[in-house]
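Novice: Below are the sequence and a predicted model; questions follow.
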Amino acid sequence: MNSLGPSISRIACLDTRRLLQTCSKVDCLAARIAQQYARPYSIFSYRCAWRDRQTSVSGGLRPILRIPNTTSQIRIGARTFASQRIIRDFTDLPEDYESEDGLTFREQPISQNEVLGIFGKGVDAKTANQILRVLHGLRVSGTLEDPNSARLKAPFEGLLIKRGLSWLRKNVPVDEVMNAGLRAEQELEALNLETVQDSIKIGLWRPNSREIGEGESPYGKSSFDKIREDEAKRLDEMEKESEEKRKSQADEIRENTGTLQIGSASNVELQRPGQNPRLKYYMERSHILPDTPPEMSIFQRLFPSGLVVLGTLIGAYVFTQVYTPPAPSARLFPDVPPSAATVAGIILMNIGVFALWRFPPAFRFLNMHFILVPGYPFASSMLGNVFSHMAFSHLAFNMGVLWFVGTRLHDEIGRANFLAIYMASGVISSYVSFASFVLRNNFVTSSLGASGAVCGIIACYLSINSGEKVKLFGIFPPDNWPSLSALGMLVFLVGVELFPLLSKSAMLGLVDHTAHLGGYAAGIGSAQLLMYRLRRRREMERKRRKEMGIVDRIREGKV
């Protein structure tokens, strides 16, 4: 590293004889240097004394050198610089530029008075000019922020660099960002050139000797382009052969008959290639809907389905009255809780219908009984669509909610009531959705899924436990945290279904909000009926106990 202090040659040029005569403590120049009489940031060879300590401009406490008056006859002549152009752009950087030497930042170097204004006390003019030259060179060469330039700035204090840059940016404007970008481009180009040369040396790449034409890629023709051209050429040849064959056949027909004409290509019927004949048969057989909805009155569309709904409701009620829970020994899986067995059976039925939608021979049967189509209704679809799902995500979501809520409701109300509410909610939600489509003359839609029945189960569970707090998995939120009540959750869910119906776009959505509302209504009604029956049963039991005599109470073990 080159020292920024005075060089030996410069000190040797001084009048040493006169210099040595003025100092009685040393007798040679080497002894003066060894005793550190030459101070940093100074071009004087006589000893500098510490006069006092002052606070620098930066606010820190640091020693400031005071050069005492001396009677030495040393005369240091002012150094002059040849007038030259000030370089500000990276493109004008000379080839012999060295970072250690820097660049001239103005025609005349700064004086000692200017040094005081820029750097403060303690820095001589030569050192200050060298700092500014190095910093100006780094700005022009685009390496001011380069980590490698840290070694050039290391001899200088951070405060000096900061003040020098501030002065240069104010008085010698340079586009540092542009110069840094040009420097980066130059280094990148050199790196690419080095990579290319290394690739040529080891035989990985060979330059293209011929000139690149206009519109031609400098990377040459890729394998994909060649394959594409070969394929296009092959297709052109096949088309040409086909055209020649067609013309020859046309000429032959004209010669033989004179009555037949070759049809245009637009008359050719396009057919899906490779279609399985049996699959095609089942697909055609599954088309049971006419091209246009049949002319039917509203009553003709709604009445048959209404009878199915009414019959289902009656059957569900009768089932609750005649069903007797089996003994544990009579159950097929006695170790499985009744709620889990019931809900699992419903889930398996839904999975079975989901699998049938992947079996082409069953398409016709499913289209008739397991999907609700208002334009061409089948009454049996009121019940069948409750167990039907085409998308796996739809099936998984409905069955997950059914397992989570249904098992809890089953434990509270029993198997008969649970199945009755599930079936009643399913058919009521289907009929409400079907009636809304018919009344709006919306015959180009269809509906299926167990969402309505699941909504009924949710509404019934929340209505029965309306005073309880809603907890996720029975854990969150804790008891001391504020939470939503079951009744509040039910109101929120109903509001979620009502809100989209207020906008016109809701009718074009993929969610049947009307069916969900029908399910919620059926669930709430079922819950009210169950609670009414429970109140009646308690009143009758209370009345019976009140009318019991002492003997009857003793028989029951209660006095």
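Specialist: It's in.
Novice: Check what pLDDT the nearest residue to residue 362 once chain neighbours are set aside gets.
Specialist: Leaving aside its sequence neighbours, residue 362 sits nearest to residue 356 (CB to CB, 6 or more residues apart in numbering; 4.4 Å). Every C-beta, even on glycine, is put in place using the N, C-alpha and C of the backbone. At residue 356, the model reports a pLDDT of 93.
Novice: what does residue 253 give?
Specialist: We have a pLDDT of 49 for residue 253.
Novice: Residue 359 too?
Specialist: For residue 359, pLDDT reads 91.
Novice: ok now the helix or strand containing residue 521, how far from the chain's centre?
Specialist: Assigned by DSSP states H and E, residue 521 belongs to helix 513-547. Distance of helix 513-547 from the chain centroid (CA atoms, centre = their mean, to the nearest Å) equals 48 Å.
Novice: got the buried residues for it?
Specialist: Residues 513-527, 529-530 are the ones in helix 513-547 that count as buried (16 or more other CB atoms under 10 Å).
Novice: ditto for stretch 121-131
Specialist: 122, 123, 124, 125, 126, 127, 128, 129, 130, 131.
Novice: Would you format these as TSV with secondary structure included?
Specialist: Shown next, in TSV, are the buried residues of stretch 121-131 (DSSP: H, G, I helix; E, B strand; the rest coil):
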residue	secondary structure
122	coil
123	coil
124	coil
125	helix
126	helix
127	helix
128	helix
129	helix
130	helix
131	helix
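Novice: any idea which of those residues is closest to residue 367?
Specialist: Residue 367 has its nearest neighbour among the buried residues of stretch 121-131 in residue 131, at 89.3 Å by CB to CB.
Novice: What sits closest to that closest one if chain neighbours are left out?
Specialist: Excluding the flanking residues, the one nearest residue 131 by CB to CB, 6+ apart is residue 164, at 5.0 Å.
Novice: Does the one you found touch residue 133 like I think?
Specialist: No: assessed by CB atoms under 8 Å, residue 164 is found out of contact with residue 133, at 9.8 Å.
Novice: The residue nearest to residue 362: neighbour count?
Specialist: Residue 356: 15 surrounding residues under other CB atoms under 10 Å.
Novice: Could I get the contacting residues of it?
Specialist: The contact partners of residue 356, taken as CB atoms under 8 Å, 6 or more residues apart in numbering, are 362, 365, 366, 370.
Novice: element containing the second one, please.
Specialist: When elements are defined using DSSP H and E, residue 365 is found to belong to helix 363-369.
Novice: so how far is residue 467 from the most centrally placed residue in the chain?
Specialist: By CA atoms, centre = their mean, the mean C-alpha position of the chain lies nearest to residue 393, the distance being 21.5 Å. Taking CB to CB, to the nearest Å as the measure, residue 393 falls 34 Å from residue 467.
Novice: just residue 329 next, same as before
Specialist: Per CB to CB, residue 329 is found 38 Å from residue 467.
Novice: what's the helix holding residue 521 packed up against?
Specialist: In terms of contact count using 3 or more CB pairs under 8 Å, 6 or more residues apart in numbering; DSSP states H and E, helix 513-547 is assigned the packing partners helix 415-439, helix 451-464, helix 486-501.
Novice: Would you mind measuring from residue 165 to residue 131?
Specialist: Taking CB to CB as the measure, residue 165 falls 10 Å from residue 131.
Novice: contacting residues for the closest residue in space to residue 133 that isn't next to it in sequence?
Specialist: In space, and not counting its chain neighbours, residue 133 is closest to residue 102: 3.1 Å by CB to CB, 6+ apart. Applying CB under 8 Å, 6+ apart to residue 102 gives the contacts 130, 132, 133, 134, 135, 136, 137, 138.
Novice: Tell me which entries of these lie within helices.
Specialist: Among those, the members found in helices (DSSP state H) are 130, 132, 133, 134, 135, 136, 137, 138.
Novice: okay if I get those as a markdown table plus distance to residue 379?
Specialist: A markdown table is the format used below for the ones in helices among the contacts of residue 102 (distance: CB to CB, whole Å):
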| residue | distance to residue 379 |
| --- | --- |
| 130 | 101 |
| 132 | 98 |
| 133 | 99 |
| 134 | 95 |
| 135 | 92 |
| 136 | 94 |
| 137 | 94 |
| 138 | 89 |
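Novice: and which of those is nearest residue 471?
Specialist: Once CB to CB is applied, the member of the ones in helices among the contacts of residue 102 that ends up nearest residue 471 is residue 138, at 66.9 Å.
Novice: Just give the number of residues close to that closest one.
Specialist: Counted with other CB under 10 Å, residue 138 comes out at 24.
Novice: Start at 2, not 1
Specialist: OK, 2 is where the count begins now, so the last one is residue 139.
Novice: Next one: it, what pLDDT does it get?
Specialist: pLDDT for residue 139: 88.
Novice: Grab the nearest non-local neighbour of it.
Specialist: Excluding the flanking residues, the one nearest residue 139 by CB to CB, 6+ apart is residue 145, at 4.4 Å.
Novice: Enumerate every residue touching that neighbour.
Specialist: 136, 139, 166, 177, 181.
Novice: how near is the second one to residue 158?
Specialist: Which is residue 139. Using CB to CB, residue 139 is found at 16 Å from residue 158.
Novice: How about the third one?
Specialist: Residue 166 sits 13 Å away from residue 158 when distances are taken as CB to CB.
Novice: just the last one next, same as before
Specialist: In this structure, residue 181 lies at 24 Å from residue 158, with CB to CB as the measure.
Novice: how about the helices of the stretch 252-401 of the chain, start to end?
Specialist: Per DSSP state H, counting those that start in this stretch, the stretch 252-401 of the chain carries helices over the ranges 278-286, 299-323, 339-357, 364-370, 382-385, 393-414.
Novice: These: which one's closest to residue 170?
Specialist: For residue 170, the closest of the helices of the stretch 252-401 of the chain is helix 393-414, at 62.3 Å, according to CB to CB.
Novice: Now that closest one: buried residues?
Specialist: 395-396, 398-400, 402-404, 406-408, 410-411, 414.
Novice: Thought residue 139 was touching residue 94, still the case?
Specialist: No: Residue 94 is beyond contact range of residue 139, at 11.4 Å (criterion: CB under 8 Å).
Novice: quick revisit: could you export the helix holding residue 366 as CSV, CA atoms only?
Specialist: Presented in CSV, the C-alpha positions along helix 364-370 are these (Å, rounded to 0.1, in the frame of the first residue of the first chain):
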residue,chain,number,x,y,z
PHE,A,364,-75.9,-42.7,-16.0
ARG,A,365,-79.5,-43.0,-17.3
PHE,A,366,-80.8,-44.2,-13.9
LEU,A,367,-79.0,-41.4,-12.0
ASN,A,368,-80.2,-38.7,-14.4
MET,A,369,-83.8,-39.8,-13.7
HIS,A,370,-83.8,-40.2,-9.9
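Novice: For this structure, give me the ranges with low pLDDT.
Specialist: For the chain, the stretches with pLDDT under 70 are 2-85, 148-157, 206-222, 250-276, 473-480, 482-483, 505-510, 550, 552-554, 556-560.
Novice: Can you give me the domain assignment for it?
Specialist: Using automatic domain parsing, the domain parsing of the chain gives 9-64, 91-182, 225-255, 286-325+335-548.
Novice: Tabulate the ones you listed (JSON lines), appending distance to residue 188.
Specialist: Formatted as JSON lines, the domains of the chain follow (distance: least, CB to CB, whole Å):
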{"stretch": "domain 9-64", "distance to residue 188": "34"}
{"stretch": "domain 91-182", "distance to residue 188": "9"}
{"stretch": "domain 225-255", "distance to residue 188": "33"}
{"stretch": "domain 286-325+335-548", "distance to residue 188": "54"}
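Novice: State the distance from residue 108 to residue 332.
Specialist: To residue 332, residue 108 is 108 Å away according to CB to CB.
Novice: no, scratch that, I was asking about residue 461
Specialist: 25 Å.
Novice: who's more crowded, these two?
Specialist: Taking neighbours as other CB under 10 Å, residue 461 and residue 332 compare with residue 461 leading, 33 against 13.
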